[in-house]
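> for reference, the sequence and a predicted model appear below.
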Amino acid sequence: MIGAEFIINTISLGSLYALVSLGLVFVYGILKLVNFAYGEYVMVAGYALYVLTAFTPVPWYLTMTLAVGFAALISYVTELVAFRPVRTKSLTAMLVTSFAVSVFLQNAALLLVSPRARAVRLPSWFNRTITVFDATVPLRNILIIVTAAVLLVGLTLLMKYTVLGIAMRAAADKFTTTRLMGVPANLVISAAFIISGTLAGVVSIFWVGRSAAVDPVIGMAPLLIAFIATVIGGMHSLTGAVVGGFVYGLLFNTLSIMLPASVISYRDAIMFVIVIVFLLFRPEGIVRGSYTEERVG
Amino acid sequence: MLKVIDLHASYGAITALRGVSLEVRQGELVALLGVNGAGKSTALKSISGVLRPIQGSIRLLDEEIANKKPEVILRKGISLVPEGREIFTGLTVEENLRLGAYTSYERTRYQNDLEEVFTLFPILKERFRQAGGLLSGGEQQQLAIARALMSHPKLLMLDEPSLGLSPTLVDQIFELIHSLRERGITILLVEQNAERALEIVDRVYLLKTGSLEFSGTPEELKSKLDIATVYFGGASDAEREVSL
Amino acid sequence: MSTGMRKVSDVLKHRSTLVLLSVPILLGAVGVHFFASSLVVSLYTYFCVNLILVLALQMFMGNSGILNLTHVGWVGIGAYVSSILSVPPAVKSMGVPNMYPALVELSLPIVPAIFIGGVVAAAIAAIIAWPLMRLSNAVGVITLFATLIVMHVVMTQWDNVTNGPRTFFGVPFFTTLWIALAGALVTLAAAHYFRESSLGLRLRASRDDRFAAYAMGVNVVQTRYFTFVLSAFVAGIGGGLWAHYITSFSPKAFYIVEIFMLLTMLVIGGAGSVSGAVAGTAIVTVLREVLRQVENTLSLSDMFNRDVYGLTELSMAVLMVIILIWRPGGVVGGREVAWPLLRARRRASEVASADVASDE
Ligand SMILES: Nc1ncnc2c1ncn2[C@@H]1O[C@H](COP(=O)(O)OP(=O)(O)OP(=O)(O)O)[C@@H](O)[C@H]1O
Ligand SMILES: [Mg+2]
């Protein structure tokens, strides 16, 4: 029996996952880089939330804004320091770099804070449950849906109606030709990293809000979700990322309900197997998209 | 206006240009001819900054531009219409043109430029809100040229604008190039269609496997050289004569 | 010139890479055996074991250019299989209480156990690798990563076989300095001959230009597939040797931190050549040991008032990015060391100087 609760929770999970995978695809679309450090942008925003809530009297809305800004900043800095210098090298060099950046940020958290989880206290209304359509769900889940809707509309407007957005879409299609129009390569790439980091920051608020804690490896789960969702949805368009996020959320919730307790611990493995098998039949994902695989050089 | 001296360029181990020098003067229409693989596109890519030359100097109005980024070179005033048109297929005609005006945008000027583009290319007005990928080959070529003109270049470089077009469209394109030249735009033209190109250009450079084979006026070239060798690159008597 | 002399000079000419790499490794082992403390002997043994794992990674990744994150999973399969086969039943029933009875009863000598570990790893690789080798860049990398995670989930959850996330202990010690050395030298020769073999050449052609390789009639997917399975076999054997050196381990040992360490060794040395793998393994093994000492010293000092974690990995990550920026071919630079030494150096720099426009 599919109730209102299942539907709302699935839409909310799908919204979160859509944001997660959108952040990854923004960079992939332009740089053709699968960014292993993406999960760490979620992690650093989590630590910003921890520091701000535990050690400062900053009000919640400012806390959240600063955390999102911090993730965007770290994302931008990693682009500047690590990705930009290796951009013209081989694709594998870029991938290995992103792996190294991920390890660097994780171990920086380990070194600077602690290997153990830290509690993050967000305002209590964040986790209060409310009743809509006969379904009792956490307010947080409704907020995710609203936030995702606002962000998706905002990003659509940005991509469609601003020059930067048009240039970013062009760069995802034909990077070199976009530069021939006078669009600076570094501008679109930096913009992609900043948007990516911003999305990771927003995701972090809800992710950390749910678990009420942050640890150095918290970025792993969102990274995997982003990977799998984008692969399902299609790596070559922003729409694909959003579709993939929702499909993944649905798959996850359905498996959680349907799998017997004895195999629930294999849930992630089962999902990946489903995805790998799916890819055999449709390597380009659900949405084909128009982005090419042209490397940025 | 443009002065290229002793340009060398390569793709990894493959050397594509070995010491090419050429010049384009203000208001001139100059053709760069040669068989497939001669290095014509490589020369244009090097000038526009897409490819970093190994050696040599490229000067625009006495300013050295070799090794600069493509976006910087565009701002200096060189606009390239790349081989194969390179339309942004997912963007509308409008968006393609808007990007063309990326460096020169200013609202009223942009509107005027659009009007001018529409008089030159009426079809683009009809297709204004369509995706670039939905245009026909000839329409795409017009869009590519229009897009390059939007930045008000000092020098326009066209890489095989007639490639893959039907004979009537080829005529149109050559007429267009001619009329652009009449408007005072300096043009460096790469063409396979040597016969047609020779009809409209002021001067010619002939490339062969990465080196200059000839430079001069179209008449000089015609008198020295059987035109077939320009097409097929076969070693004829006339060609041996040229290399003397 | 006498025939003996000519033979020596022939070997130097055609096999100079192999000689130049294996002689120092051999001499190092002898030197360590006679003159160094047991700690250094142990470190050198570990270096040899790591070298096997890195060379196996080089076989596939270095020649195909594909970032293979599953590598450490094959190491894990080799380690578990050879341990399950060789640990005495009494020890197993105590150490892994939930193990399937059929597995508990198994008892093989160590050498065949290690070999079977390699075979099992190769067999599983052979079953799953075909579709993986077909996928393009980005999707391929993600799928390989997902495969590593599936392997990790199975290792941590299947406690009837692996003891779950808990430590699997009681593995008999077998991998002495000489055995590790022998393994390393054999693998070195294998990786070297593979690189020069027709399979290796075709794979490298596909790395440098996939479409040109297609055009030359190279079946890229098939080439990658065979190499992947071969690499998994060597990794499985290496995993067995590793297990019989470490003697107790948990699934954590076959996950992100470890694949990162193996990658660091390969990338810092230079993934494109066997020489790079050797140099990188040596550099990183020493460096890591030094950094661990620093961590320990800092943990004991009053400066931080707590244990210091992560400094090693953090430094390795920084070093790796610096290498990728300044010397993307690694310390060795993509070519094999060869006799005479200087000629190889010069050719490598010529290749490095050819580049396409970037944006400096
Ligand atoms: N991306 C590339 N990678 C490697 N080699 C290339 C590349 N592009 C061109 N070449 C080589 O460089 C040489 C010159 O090529 P170029 O494209 O400049 O020729 P072209 O004169 O424009 O020919 P066409 O008339 O066919 O367009 C050729 O030998 C070609 O094979
Ligand atoms: Mg060309």
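Sure thing, it's come through. Ligands and ions are numbered 1, 2, ... in the order given.
> pLDDT score assigned to the most centrally placed residue in chain B?
Centroid-nearest residue in chain B: residue B:158, 1.9 Å away (criterion: C-alpha atoms, centre = their mean). Looking at residue B:158, its pLDDT is 95.
> other SSEs contacting the helix or strand containing it?
Assessed by DSSP states H and E, residue B:158 sits inside strand B:155-159. Other elements packing on strand B:155-159 under the criterion 3 or more C-beta pairs under 8 Å, 6 or more residues apart in numbering or on different chains; DSSP states H and E are helix B:40-48, strand B:78-81, helix B:137-149, strand B:186-191. To be clear about C-beta, it is placed using only N, CA and C from the backbone, and glycine gets the same treatment.
> same thing but at 10 Å, please
strand B:29-33, helix B:40-48, strand B:78-81, helix B:137-149, helix B:167-182, strand B:186-191 (3 or more C-beta pairs under 10 Å, 6 or more residues apart in numbering or on different chains; DSSP states H and E).
> list the contacts of the residue nearest to the centre of chain B.
Residues in contact with residue B:158 (C-beta atoms under 10 Å, 6 or more residues apart in numbering or on different chains) are B:31-32, B:44, B:79-83, B:141, B:144-145, B:148, B:173, B:176-177, B:180, B:187-191.
> where's it relative to residue B:172, distance?
Distance from residue B:158 to residue B:172, counting by C-beta to C-beta, to the nearest Å: 14 Å.
> any shared contact partners between those two?
Between them, residue B:158 and residue B:172 share the contacting residues residue B:141, judged by C-beta under 10 Å, 6+ apart.
> which residues in the stretch 151-297 of chain A form strands?
Ranges of strands in the stretch 151-297 of chain A, per DSSP state E, counting those that start in this stretch, are A:213-214.
> residue of the stretch 101-250 of chain C with the smallest distance to ligand 1?
Ligand 1 sits closest to residue C:209 of the stretch 101-250 of chain C, with a gap of 8.4 Å, by C-beta to the nearest ligand atom.
> what's the pLDDT at that residue?
For residue C:209, the predicted pLDDT is 75.
> contacting residues for it?
Residue C:209 touches B:12, C:215-216, counting by C-beta under 10 Å, 6+ apart.
> again with residue C:201
Taking C-beta under 10 Å, 6+ apart, one finds C:63, C:194-195, C:218, C:223 in contact with residue C:201.
> and it, which helix or strand is it part of?
helix C:198-208.
> okay, buried residues for stretch C:176-196 please.
Within stretch C:176-196, the residues scored as buried using 16 or more other C-beta atoms under 10 Å in any protein chain shown are C:177, C:179-181, C:183-185, C:187-192, C:194-195.
> where does chain B have low pLDDT?
Chain B contains residues with pLDDT under 70 at B:225-244.
> how many residues are close by the residue in it positioned nearest to ligand 2?
Nearest residue of chain B to ligand 2, counting by C-beta to the ion: residue B:41, 3.0 Å away. Residue B:41 has 21 neighbouring residues, counting by other C-beta atoms under 10 Å in any protein chain shown.
> quick one: residue B:48 and residue B:86 touch, right?
No: the pair residue B:48 / residue B:86 is not scored as a contact, 11.9 Å apart, by C-beta atoms under 10 Å.
> which of the two has more neighbours?
residue B:48 (25 against 20).
> who's in contact with that one?
Applying C-beta under 10 Å, 6+ apart, the residues contacting residue B:48 are A:176, A:179-180, B:58, B:65, B:68, B:70, B:73-74, B:78-80, B:82, B:155, B:157, B:159, C:357.
> could you pull out the strands for chain B?
B:2-11, B:14-24, B:29-33, B:55-60, B:63-64, B:78-81, B:155-159, B:186-191, B:203-208, B:211-216 (DSSP state E).
> would CSV of these with distance to residue B:124 be doable?
As requested, these are exported to CSV (distance: least, C-beta to C-beta, whole Å):
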stretch, distance to residue B:124
strand B:2-11, 28
strand B:14-24, 27
strand B:29-33, 23
strand B:55-60, 29
strand B:63-64, 33
strand B:78-81, 15
strand B:155-159, 17
strand B:186-191, 20
strand B:203-208, 31
strand B:211-216, 36
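> most tightly packed of these?
strand B:78-81 (a mean of 26; mean count of other C-beta atoms under 10 Å in any protein chain shown).
> with just CA atoms, put that one into PDB.
This file holds the C-alpha atoms of strand B:78-81, laid out as PDB (Å, rounded to 0.1, in the frame of the first residue of the first chain):
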ATOM      1  CA  ILE B  78      40.600  38.400 -34.300                       C
ATOM      2  CA  SER B  79      37.500  36.400 -34.700                       C
ATOM      3  CA  LEU B  80      37.600  32.800 -36.100                       C
ATOM      4  CA  VAL B  81      34.800  30.900 -37.800                       C
END
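> which helices and strands sit right next to it?
Strand B:78-81 packs on helix A:175-180, helix B:40-48, helix B:70-76, helix B:137-149, strand B:155-159, strand B:186-191, going by 3+ C-beta pairs under 10 Å, 6+ apart.
> check contacts around residue C:188.
Residue C:188 touches C:17-18, C:21-22, C:25, C:48, C:51-52, C:55, C:274-275, C:277-278, counting by C-beta under 10 Å, 6+ apart.
> er, residue A:194 I mean
A:26, A:69, A:71-73, A:75-76, A:79.
> number of residues surrounding the nearest residue to residue A:71 once chain neighbours are set aside?
Spatial nearest neighbour of residue A:71, excluding adjacent residues (C-beta to C-beta, 6 or more residues apart in numbering or on different chains): residue A:201 at 3.3 Å. Using other C-beta under 10 Å, residue A:201 is surrounded by 29 other residues.
> do the same with the one 3 residues further on
For residue A:204, the neighbour count with other C-beta under 10 Å is 29.
> what does the one 10 residues further on give?
Residues within reach of residue A:214, counting by other C-beta under 10 Å, total 26.
> quick check, it in contact with residue A:207.
Yes: using C-beta under 10 Å, residue A:214 makes contact with residue A:207 at a distance of 8.9 Å.
> overlap in contacts of the two?
What both residue A:214 and residue A:207 touch, as defined by C-beta under 10 Å, 6+ apart, is the set A:42-43, A:45-46.
> closest to chain B out of those residues?
Distances from chain B to those, taken as C-beta to the nearest C-beta, are shortest for residue A:42 (29.2 Å).
> so which strand or helix has the closest one?
Going by DSSP H and E, residue A:42 is part of helix A:38-55.
> next structured bit after that helix?
Counting by DSSP H and E, what follows helix A:38-55 is helix A:60-78.
> avg pLDDT for that following helix?
Mean predicted confidence for helix A:60-78 is 96.
> lowest-confidence helix or strand of chain A?
helix A:267-281 (a mean of 77; mean pLDDT, DSSP states H and E).
> packing partners of it?
So helix A:267-281, by 3+ C-beta pairs under 10 Å, 6+ apart, packs with helix A:220-233, helix A:238-258, helix C:110-134, helix C:137-157.
> buried set for it?
Applying 16+ other C-beta under 10 Å to helix A:267-281 flags A:268-272, A:275-276, A:278-279 as buried.
> and stretch C:132-150, by the same measure?
C:132-135, C:137-150.
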